[in-house]
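Participant: got a predicted model here, sequence first, then my questions.
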Amino acid sequence: MAIAEIAVYQMTMVSPEKPAILFVCLGNICRSPLAEAAFRMVASKTGLAVEVDSAGTGDWHVGKSPDSRAMATAIRYGTDIAAYRARQLADEDFHRFTHIFALDHANLGDIRARAPHDSNAHISLLLDMVPGREGQAVADPYFGDEAGFDTTWQDVMEAAEALTLRFLR
Ligand code: 4NP
């Protein structure tokens, strides 16, 4: 879906309450920062007002910059994530965010396991938002090569465009 087509949706459709979206992976240094960056890019181009952040289920990388391969991938696709810092998913996220998207199935299980009982956040796999890709995970590129980060970017950009369309409806 081209950005121009998304912009047309925005002109013709009424936005509901401002969404607040959290992307969650394991370390918050590879996949979820790229998902955050892709969604920020698409949302800002269409004028969608939205709160966006990312977090990890684990705490190993808290306070660290994104993985250097993720930063290089973001630059290659036109955005800079060098200022992002990893953080761990927190209880307040389940009240602050309307939507929490897991990058893979393990992340989804971990998020659901720690959700407070009074959380109203919608929790699902990120690729559930992409027609035809429901139930799929964004593959973890951490132990692979640079090409894996390119695949991650394609996946999160596809999700960002699908998500933006949903929220503009
Ligand atoms: P992420 O990738 O969850 O997409 O940020 C990983 C980062 C770190 C590790 C695994 C995956 N790790 O094993 O430290």
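Facilitator: Looks like it arrived, so ask away.

Participant: what residues does the top helix by length along the chain touch?
Facilitator: Longest helix in the chain by number of residues (criterion: DSSP state H): helix 146-168. Defining contact as C-beta atoms under 8 Å, 6 or more residues apart in numbering, one finds that helix 146-168 is touched by 1, 6, 9-10, 13, 15-16, 19, 21, 30-31, 34-35, 37-39, 41-43, 46, 48, 50, 69-70, 72-74, 77, 101, 126-127, 129-131, 133, 138-139, 141. C-beta: built from backbone N, CA, C; applies to glycine.

Participant: buried ones among those?
Facilitator: Using 16 or more other C-beta atoms under 10 Å as the burial test, the contacts of helix 146-168 include 6, 9-10, 19, 21, 30-31, 34-35, 37-39, 41-43, 46, 48, 50, 69-70, 73-74, 77, 101, 126-127, 129-130, 133, 138, 141 as buried.

Participant: so which of these belong to strands?
Facilitator: 21, 101 (DSSP state E).

Participant: list the ones among the buried ones among the contacts of helix 146-168 that fall in helices.
Facilitator: Short answer: the buried ones among the contacts of helix 146-168 in helices (DSSP H) are 6, 9-10, 31, 34-35, 37-39, 41-43, 46, 69-70, 73-74.

Participant: worst-scoring helix or strand of this protein, pLDDT-wise?
Facilitator: Lowest on mean pLDDT, DSSP states H and E among the helices and strands of the chain sits helix 3-12, with a mean of 47.

Participant: can you give me the distance of Leu125 to Ala137?
Facilitator: Leu125 is 7 Å from Ala137, where distance means C-beta to C-beta, to the nearest Å.

Participant: which one of those two is surrounded by more residues?
Facilitator: Leu125 (21 against 18; other C-beta atoms under 10 Å).

Participant: the more buried one against Ala102, yeah?
Facilitator: Yes. If you go by C-beta atoms under 8 Å, Leu125 and Ala102 touch, sitting 5.5 Å apart.

Participant: common neighbours of these two, please.
Facilitator: Shared contacts of Leu125 and Ala102, defined by C-beta under 8 Å, 6+ apart, comprise Leu108.
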